[in-house]
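Novice: Give the three-dimensional model of this entry:
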Amino acid sequence: MNLREVPRLVWVLAAGRFIGSMTSFLMLFLTLYLTGPRDLPVPTAGLIAGTFGVGMLVGNFTGGRWGDRFGHRRTLMACSTVSGLGIASVPWLPVEALAVALPVFAYLAATASVSTGALSALAVSRGDRRTSVAVGRAASNAGFVIGPPLGALIISQSYDALFVIDGLMTLAIRFAVAPFLPHDQPHVMRDASAPSLWRALRADRALMTLLPAVVLVDIVYRQLYTTVPIHLRDAGQPVALYTALNAIGSGLILLLEIPVAQRLKRRSSYPIIATGYLLVGAGFALFGLPVSAATAILAMVVLTAGEILYKTTATAHVLDAAPDHLVGQYQGLYTGAATSGTMLAAPIGTAIYATAPALLWPLCGVAGAIAAVAVLSSGRGQAPRSPAATPSGSAGTAPPPRAG
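Specialist: Just a heads-up that it's a prediction; the model follows:
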């Protein structure tokens, strides 16, 4: 599938992801807001911000069930409406209410995101989902490049406006994409032989190996946002080098991820994912070299090459493995595994760095290699999936409810 064949729904949802990523300020600036205008102690602010992360994690793991059961269009519309209104109300909520409301808002936002991914996946055939995943990721990455400086500009005027704009843009996206979403029926199993989530997972041992590997590699990858800036600072490098590394990584992803996904779309996913894992590990291992702008840029290019290979391919692989009535829950499992790695990255990485800074980077390389070997081993003997297993144009539709 070339870009001209990508369904309109995928482009619409990608546009929504771009705007949503560009204006998702709550996660970026929550601790600054709580310790600034709300004047909370850092530990209290961290605890409240942590509840937001927990809500997001639980939403990723469990939110797909609502879309699979009641329809992804209906779930997306309901969850984005409530979460948008809730985020816009943050400036007026007392601190006690924030501690309760923020994890709920996070759960709903994560559930809406899972249904967005499921709708995009169901819009195309199995075997063509790498391109649609790459389009969505490119849109999200483009939004994340613009979001932080835009948020900083808004903060210079008003913290309250930051959250109001975040919530209102969530609502605007909801109403903008609604006319393009297919009407859906509840995903109800047609017969008793249709597998439940756990039956399907138990029957797919390769997928059960891939998900822990996703957690492990995301722990490694998220060192980019936790220990890498500390490492560069301790080596006497300016903050400008760290910001340049992130700009280089984002630029390479925007430039190469879609073409690479299209070029490799007919190749087996296992060696591509494994190669990506190896490159991510190797890239972080390179941070163990004497620090200079040249070695840091080399490390960033290598690990970004790994990200380009594995992120799109692994996401599409999981979606291709899903029975149609479980696409939302499989999407949530992959996102939840990645989110778990993100949440574990900071405590694990900083603990190792504080104890033995030089040990962290070779450990990252070893972790990437372990994940790669696990994926390759799980892929042995697996029959390739048929690209035509799911008809194109089935976006958001479901089997009719079973009588009785």
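Novice: Could you list the low-pLDDT ranges of this protein?
Specialist: Along the chain, the model assigns pLDDT under 70 to residues 1, 184-194, 381-404.
Novice: Domain ranges for it, per the record?
Specialist: When the chain is parsed into structural domains using automatic domain parsing, the resulting residue ranges are 1-187, 197-382.
Novice: can you redo the ones you listed as a markdown table with mean neighbour count?
Specialist: (C-beta placed from N, C-alpha, C; glycine too.) Formatted as a markdown table, those follow (neighbours: other CB atoms under 10 Å):
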| stretch | mean neighbour count |
| --- | --- |
| domain 1-187 | 20 |
| domain 197-382 | 19 |
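Novice: Let me know the helix or strand that the residue nearest the centre of the chain is in.
Specialist: Of all residues in the chain, the one closest to the mean position by CA atoms, centre = their mean is residue 335, 5.4 Å from it. Following DSSP states H and E, one finds residue 335 within helix 327-355.
Novice: Let me see the contact set for the residue nearest to the centre of the chain.
Specialist: Residue 335 is in contact with 60, 110, 113, 114, 117, counting by CB atoms under 8 Å, 6 or more residues apart in numbering.
Novice: So which of these sit within helices?
Specialist: Within the contacts of residue 335, membership in helices is found for 60, 110, 113, 114, 117, as judged by DSSP state H.
Novice: Residue 3: which of these is nearest?
Specialist: residue 117 (19.1 Å; CB to CB).
Novice: Could you check how far the residue lying closest to the closest one once chain neighbours are set aside is from residue 156?
Specialist: When the adjacent residues along the chain are set aside, residue 117 lies closest to residue 331, with 4.4 Å between them (CB to CB, 6 or more residues apart in numbering). Applying CB to CB, to the nearest Å, one obtains 37 Å for the distance of residue 331 from residue 156.
Novice: where along the stretch 301-404 of the chain do the strands fall?
Specialist: Counting by DSSP state E, counting those that start in this stretch, the stretch 301-404 of the chain yields no residue ranges for strands.
Novice: what ranges do the helices span in it?
Specialist: Across the stretch 301-404 of the chain, reading from the start of the chain, the helices by DSSP state H, counting those that start in this stretch fall at 327-355, 357-379.
Novice: Need those helices in CSV (columns: distance to residue 215).
Specialist: Listed next are those as CSV, based on distance: least, CB to CB, whole Å:
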stretch, distance to residue 215
helix 327-355, 5
helix 357-379, 9
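Novice: residues in contact with the nearest residue to residue 344 once chain neighbours are set aside?
Specialist: Ranked by CB to CB, 6+ apart and with sequence neighbours excluded, the top spatial neighbour of residue 344 is residue 219, at 5.3 Å. Under the criterion of CB under 8 Å, 6+ apart, the neighbours of residue 219 are 341, 344, 345, 348, 349, 367.
Novice: How about residue 342?
Specialist: Contacts here follow CB under 8 Å, 6+ apart; on that basis residue 342 touches 218, 222.
Novice: cool, residue 236 as well?
Specialist: Counted by CB under 8 Å, 6+ apart, residue 236 has contacts residue 291.
Novice: Now it. Its backbone dihedrals?
Specialist: Here the main-chain torsion angles of residue 236 (degrees, to the nearest 10) amount to phi 80, psi 20.
Novice: same check, this time on residue 63
Specialist: The phi and psi values for residue 63, taken as degrees, to the nearest 10, are phi -70, psi -30.
Novice: ok, now which ones touch residue 316?
Specialist: Residues 121, 129, 130, 132, 133, 269 are the ones in contact with residue 316 under the rule CB under 8 Å, 6+ apart.
Novice: Please apply the same query to residue 214.
Specialist: 314, 334, 337, 338, 341 are the contacts of residue 214 under CB under 8 Å, 6+ apart.
Novice: quick one: the closest residue to residue 11 other than its chain neighbours from residue 304, how far?
Specialist: Closest residue in space to residue 11, ignoring its immediate chain neighbours: residue 135 at 7.1 Å, by CB to CB, 6+ apart. Shown here: residue 135 relative to residue 304, a distance of 18 Å by CB to CB.
Novice: just residue 234 next, same as before
Specialist: From residue 234 across to residue 304, the span is 23 Å (CB to CB).
Novice: that older thread, for residue 47, state which of the contacts of residue 219 is nearest.
Specialist: The shortest approach to residue 47 among those belongs to residue 344, at 17.7 Å (CB to CB).
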